[in-house]
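A.B. asks: sequence below, structure please.
(one chain, ligands or ions: 2)
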Amino acid sequence: MKRKKRILSLLVSTAVGLAISSGAFAQGQLEKIMKARGLTQKDILAAAKTYTPTGGRDEYLAFASGGQSGQVIVYGIPSMRILKYIGVFTPEPWQGYGFDDESKAVLAQGDVRGQHLTYGDTHHPAISETNGDYDGQYLFINDKANPRVAVIDLKDFETKQIVVNPLFKSQHGGAFVTPNTEYVITASQYPAPYENGYVPLDQFNEKYRGGITYWKFDRKKGRIDPSKSFVVEAPPYSQDLSDAGKLASDGWSFTNSFCSERYVGGIERGRPPFEAGCSSKDTDFLHVINWRKAAKLIAEGKGKKINGFNVLPIDVAVKNGVMFLVPEPKSPHGVDVSPDGKYIIVSGKLDSHTSVYSFDKIMKAIKAKKFAGKDPYGIPILPMKDVLHTQVQVGLGPLHTQFDAKKCVVYTSIYVDSMVTKWDYCAGKVLDQIHIHYNIGHLMAMEGDTEHPDGKYLVALNKLSIDRFNPVGPLHPQNHQLIDISGKKMQLLYDMPIPLGEPHYAVAIKADKLKPEVRYRSGWNSRTDSRSPYKTRAGREKTERHCDADGKCTVEVFGTVIRSHINPEIIEAEQGDTVKIHLTNLERAEDEVHGFAMYGHNVQLSIEPGKTVSTTFVADQEGVFPYYCTEFCSALHLEMEGYLLVKPKGYKAEKASLKAGTVYTKADYEKQVATNLKTQKVIDQVVAFITARNFKDFPTVVALVEDATDQLGFAKGAREKAEAAAAKGDYQNAMLWANQWWQYQVKTADLGLRAKTYLEEHGAKVVK
Ligand code: CUK
Ligand code: CUA
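C.D. replies: Ligands and ions are numbered 1, 2, ... in the order given. The predicted structure is shown next:
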């Protein structure tokens, strides 16, 4: 009891930040809450390890596959707070992904054989590496169903490129990068002919093929270069996961397979199903590939082109010592290379062992040409016992392995037993086990597949959540479970439901390695990373209508958005016109996003500060189509609106002028001007506060001040218009412009106050 009290008071004093002397009250409170919520001391400890106080940041950022949702999920560790869903293979309206023309072009790169696809089955994200460690620049992810790879730039967490594998008909073992991201590796899964035509299944052995693709990554451009990429042809063995060699094994890669039986199913014809035929042999094959040599052979022209893509045929690979096979136990799944590159850990789904292969022994066997024979395609097979380092009994259904910061310590997911086993692959012994809820697939340790893993936390990516959360219908959320691995025994800390399935692999990077931007350079096409030709400056907004020789007309809008108006606010078109709207966000303030949605046209844009986006559609129906900003961006956000007016063909207007709703007088005008002058005094005070301090030392404040200066400039312009109208006795327009003058002042004040708060919170100093 005494010990319990001590732990509690320790917890309270650290968690609530109270001195020991005043801890008694908080301790009483804590005990009350624990009792009311049925929490144990262990729970409180776990909470203290994950709870991130308001405004706090996480130590790691995880990128998780969103499975068949075709997205990537970004969350923080240890708080397990979801920060973003990145639209990758699937349109995502909040981000405008798949809605603006710029991102539609990215998704269109992923069309397969003329078919536009709106989902992907994402499995394995990979962070770009430099010298075998995450560099935080790019993220890659594969689509298993449609053999594609996407490139996401971690400067803005946006998908920039999708490449389609022109040979494969499915692609699982990727994306995995080589230690300097020279290549992004993906392996095919279900064998199929490389060509797109029909080939009967009785030619499976001869014409169906697997393969491993090495996508050349051009880091300067930040894009994959398909023309310099290649496939190493492989037998139809149903290749599964891959991993790149590193350090000792740099230049090599490893891919396993689960159906070297080459079985073809046909359950409906009375044949035993695939699952029986693909698990009948005791062993399958690990493919050991010298990718550096393969790349050299391709460069020397030793490959051939199929569907316009470089292929290194099996016979050329064998002749040049590029590909070898190693038997591995029954239907394996994961293959993971140790941080030093010396060991390769393979887990057999139907075997209770993990098999640790020695790269050194593999090289020795290859050098000595000590082969156990050849497979039907002439590929040399290395004798299993000669290249095996050890086998360890870890539990039933081992799948994937991640590495700890501690030497030789690894964690393997155990699917059937719903466990994580911690074991030592050097000494070949089990160290600890923990139960998982339920049926774990992959698991992720912090930077756990690099040359320098961080340890600390492990996340179990579970297939089933069953009874772990409040029920929400037959489709359950997925369950990511956070485990503390800093001690001798693993400790379960937290369950995080994810309403996007299915989590396959995830990678976690130290958060301070990421340096994302908060705004784009002005007029930026974020998808091509270049200035948009449609960039529009303040005051240069215009709408043009041009018709071609066939009488087809296009209304093209070069517009801007800034708090709190869309310019233009009225767009006119004739029925049948193509409408192109380009919008540039003029804001520079952090997080000042505007949206753009329009009635009835499937238009929803996200326009982040500095970005230029476009939408194109045919106005095929006459009518009135309101549009508005979809982000609550200021007090007058609801007024951020406009109309697309589509006139019937040949429509003649009766009167060409717009009539105002309310009528204003001289008194209204003067009252507004008085308000504006008072507001200006407030602004002047804020300006005096800022300029009296070293605000130039704070880039965030400098950006806010620039923005505020812009707004104040607009205010001046509106004031001039108001005064000119008043001078002419046009109090109607004088009042409206005086009001607009005030709107700009409000925005200036808003920015100024934000800057002031920032300076106060960041200890700015008064300067002389
Ligand atoms: S796979 Cu899903 S649990 Cu695609 Cu890496 Cu193993
Ligand atoms: Cu912009 Cu609401």
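A.B. asks: for stretch 685-699, buried residues please.
C.D. replies: Judged by neighbour count using 16 or more other CB atoms under 10 Å, the buried positions of stretch 685-699 are 686-687, 689-690, 693, 695, 698. For glycine as for every other residue, the C-beta is placed from the backbone atoms N, C-alpha and C.
A.B. asks: try stretch 374-388
C.D. replies: 377, 379-382, 384, 386-388.
A.B. asks: adding pLDDT, distance to ligand 2 and secondary structure, write those residues out as a markdown table.
C.D. replies: Formatted as a markdown table, these follow (pLDDT from 0 to 100; distance: CB to the nearest ligand atom, whole Å; DSSP: H, G, I helix; E, B strand; the rest coil):
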| residue | pLDDT | distance to ligand 2 | secondary structure |
| --- | --- | --- | --- |
| 377 | 98 | 61 | coil |
| 379 | 98 | 61 | coil |
| 380 | 98 | 65 | strand |
| 381 | 98 | 64 | strand |
| 382 | 98 | 63 | coil |
| 384 | 96 | 64 | helix |
| 386 | 97 | 67 | helix |
| 387 | 98 | 62 | helix |
| 388 | 97 | 63 | strand |
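A.B. asks: what's the most distant pair in those residues?
C.D. replies: When CB to CB is used, the two most widely separated members of those are 377 and 388, lying 23.4 Å apart.
A.B. asks: quick one: contacts for the residue of the chain found nearest ligand 1?
C.D. replies: Per CB to the nearest ligand atom, the residue of the chain with the smallest distance to ligand 1 is residue 441, at 2.9 Å. Contact criterion CB atoms under 8 Å, 6 or more residues apart in numbering gives 399-400, 413, 415, 461-463, 502-504 as the residues in contact with residue 441.
A.B. asks: now name the helix or strand holding it.
C.D. replies: strand 440-446 (DSSP states H and E).
A.B. asks: run through who's touching the helix or strand following that strand.
C.D. replies: For strand 440-446, the following helix or strand on the C-terminal side (DSSP H and E) is strand 455-462. Contacts made with strand 455-462 from outside it, assessed by CB under 8 Å, 6+ apart, are listed as 59-60, 62, 64, 77-78, 402, 404-406, 411, 413, 420, 436-446, 448, 478-486, 490, 503-506, 508.
A.B. asks: and the residues you listed, which of them are in helices?
C.D. replies: Helix and strand membership here follows DSSP state H; of the contacts of strand 455-462, not one is in helices.
A.B. asks: buried members of these into ChimeraX, please.
C.D. replies: With 16+ other CB under 10 Å as the burial test, the buried ones among the contacts of strand 455-462 are selected in ChimeraX as follows:
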select :59,60,62,64,77,78,402,404,405,411,413,420,436,437,438,439,440,441,442,443,444,445,446,448,478,479,480,481,482,483,484,485,490,503,504,505,506,508
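A.B. asks: ok, the closest residue to residue 706 other than its chain neighbours - contacts?
C.D. replies: By the measure of CB to CB, 6 or more residues apart in numbering, the closest residue to residue 706 outside its immediate chain neighbours is residue 588, 5.7 Å from it. For residue 588, the contact set (CB under 8 Å, 6+ apart) comprises 519, 609-610, 703-704, 706-707, 710.
A.B. asks: pLDDT of stretch 476-491, averaged?
C.D. replies: Across stretch 476-491, pLDDT averages out at 97.
A.B. asks: sorry, back to before: save the contacts of residue 441 as a markdown table, and put in pLDDT too.
C.D. replies: Formatted as a markdown table, the contacts of residue 441 follow (pLDDT from 0 to 100):
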| residue | pLDDT |
| --- | --- |
| 399 | 96 |
| 400 | 97 |
| 413 | 97 |
| 415 | 94 |
| 461 | 97 |
| 462 | 96 |
| 463 | 92 |
| 502 | 85 |
| 503 | 84 |
| 504 | 93 |
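A.B. asks: from residue 443, how far out is residue 140?
C.D. replies: Residue 140 is 20 Å from residue 443, where distance means CB to CB, to the nearest Å.
A.B. asks: residue 551 - how many residues pack around it?
C.D. replies: Burial measure for residue 551: 7 neighbouring residues, criterion other CB atoms under 10 Å.
A.B. asks: got a pLDDT number for it?
C.D. replies: Model confidence at residue 551 (pLDDT) stands at 90.
A.B. asks: that one belongs to a helix?
C.D. replies: No: secondary structure of residue 551 (DSSP: H, G, I helix; E, B strand; the rest coil): coil, not part of a helix.
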